[in-house]
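Engineer: Show me how the following folds:
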Amino acid sequence: MTSARNIEYYSNGRLISRQTLLSDAQKVGFSVSATAPTATTIRDGFTYGKDYVPASAGECVVSVIGDSISYGAWSAATWPELLPIALSGLPGGGEVKVRQNLAVSSTKAQNWATPGDPVDIKQYSFAGDTYVLVLLGTNDGAARPVANFTADLSTIAAKIVADGALPVFGMFPLWTNAGLSGVVGVTPASPSQVQRLRHAILKFCVTNGYPVALVESAFGDSNRWLGDNIHPVEEGMAPIARAFAQAIARHRAPAAPQ
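Structural biologist: Okay, the predicted model is just below:
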């Protein structure tokens, strides 16, 4: 304020606007938000905040376990590589370091939960991780009963929690087939058969209080993002990263000041 009725606005040290008020200013404020109405008010030399969510302080460290979707079978860039970009702009987001991507093609949740399996989760350490991001279920398909699949998730989560991290489970993205996409590639099980496993992931997370990444919803219904009816190309990796970023941000976001 240059006077009681004259206000100048600067951005990065450059004057961008001047305003002359009809009466003396009583309050001066501004608002910046990508998600919700906010307000910052300057009154009598003090700053008051309302309804804003600041970014989380500090860096979070994550590991990833999954199958060929997380390994990046059809993409030059994987969704874990895109995660820092997706998270940085979200309220509650902040910085993230992807410490290790352990994804192995063709693996099932059952593999990760089975003692002695080449990807037995007990052989890995997640000490020092804030979160372990889990995207499994695509290869479990119709053959795995829901009760067994849920038990597999429980075994995976127990190891992660024992190492001091928090699991974030993703609801794996859509599948399609040659009749819809025109692409002769992988022939997955019918959507109705695998939807029960997506529901099992959601129910497991809600029951146990684990963050869930709504990958299926973020991915949408664009068949163009699938290279062979099941594996995402680069465009499909971005919404997967966004879904996990949103799940992390929801968990990390501080409460809005009252």
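
Engineer: list the buried ones in stretch 141-157?
Structural biologist: Within stretch 141-157, the residues that count as buried by 16 or more other Cβ atoms under 10 Å are 144, 149-153, 155-157. No exception for glycine: its C-beta is placed from N, CA and C like everyone else's.

Engineer: Show residues contacting that stretch.
Structural biologist: Outside stretch 141-157, the residues that touch it by Cβ atoms under 8 Å, 6 or more residues apart in numbering are 65, 108-110, 112-113, 121, 134, 136-137, 140, 167, 169, 188-190, 193-194, 196-197, 200-201, 203-204, 208, 210.

Engineer: which residue packs closest to residue 173, ignoring adjacent ones?
Structural biologist: Distances taken as Cβ to Cβ, 6 or more residues apart in numbering put residue 219 closest to residue 173, at 4.0 Å, once the chain neighbours are dropped.

Engineer: Run a quick check on that neighbour versus residue 241, I expect a contact.
Structural biologist: No - contact criterion Cβ atoms under 8 Å: residue 219 and residue 241 do not qualify, at 10.9 Å.

Engineer: can you pull the contacts of residue 80?
Structural biologist: With Cβ under 8 Å, 6+ apart, residue 80 has these contacts: 62, 64, 70, 98, 101, 133, 241.

Engineer: try it again with 7 Å
Structural biologist: Each residue near residue 80 by Cβ atoms under 7 Å, 6 or more residues apart in numbering is listed here: 64, 70, 98, 101.

Engineer: That one belongs to a strand?
Structural biologist: No - counting by DSSP: H, G, I helix; E, B strand; the rest coil, residue 80 is located in no strand; its state is helix.

Engineer: Distance check, the closest residue to residue 5 other than its chain neighbours against residue 83.
Structural biologist: Nearest non-adjacent residue to residue 5, counting by Cβ to Cβ, 6+ apart: residue 21, 4.5 Å away. Separation of residue 21 from residue 83 (Cβ to Cβ, to the nearest Å) stands at 45 Å.

Engineer: what do you get for residue 242?
Structural biologist: Distance, residue 242 to residue 83, by Cβ to Cβ: 9 Å.

Engineer: Residue 144 now?
Structural biologist: From residue 144 to residue 83 the distance is 27 Å (Cβ to Cβ).

Engineer: And for residue 118?
Structural biologist: Taking Cβ to Cβ, one finds residue 118 at 25 Å from residue 83.

Engineer: neighbour count winner among the two?
Structural biologist: Under the neighbour definition other Cβ atoms under 10 Å, residue 118 and residue 83 were set side by side, and residue 83 has more, 24 against 10.

Engineer: Now do the SS call for that one.
Structural biologist: Residue 83 is classified as helix under three-state DSSP.

Engineer: Residue 133 against residue 168, yeah?
Structural biologist: Yes - using Cβ atoms under 7 Å, residue 133 is in contact with residue 168, at 5.0 Å.

Engineer: Mutual contacts of those two, please.
Structural biologist: If you check residue 133 and residue 168 against Cβ under 7 Å, 6+ apart, the residues they both contact are residue 244.

Engineer: If you count surrounding residues, which of these two has more?
Structural biologist: Neighbour totals were compared for residue 133 and residue 168, and residue 133 leads with 30 against 24 (other Cβ under 10 Å).

Engineer: ok so the more buried one is a strand residue?
Structural biologist: Yes - counting by three-state DSSP, residue 133 is located in a strand.

Engineer: how far away is it from residue 149?
Structural biologist: 18 Å.

Engineer: With adjacent residues omitted, what lies nearest to residue 163?
Structural biologist: residue 126 (3.9 Å).

Engineer: Might you report the residue contacts of that neighbour?
Structural biologist: Contacts of residue 126 by Cβ under 7 Å, 6+ apart are 63, 132, 160, 163, 165.

Engineer: Determine the three-state secondary structure at it.
Structural biologist: coil.

Engineer: and if you look at residue 16?
Structural biologist: Under three-state DSSP, residue 16 falls in the strand class.

Engineer: doesn't residue 214 make contact with residue 169?
Structural biologist: No - using Cβ under 7 Å, residue 169 makes no contact with residue 214, being 10.5 Å away.
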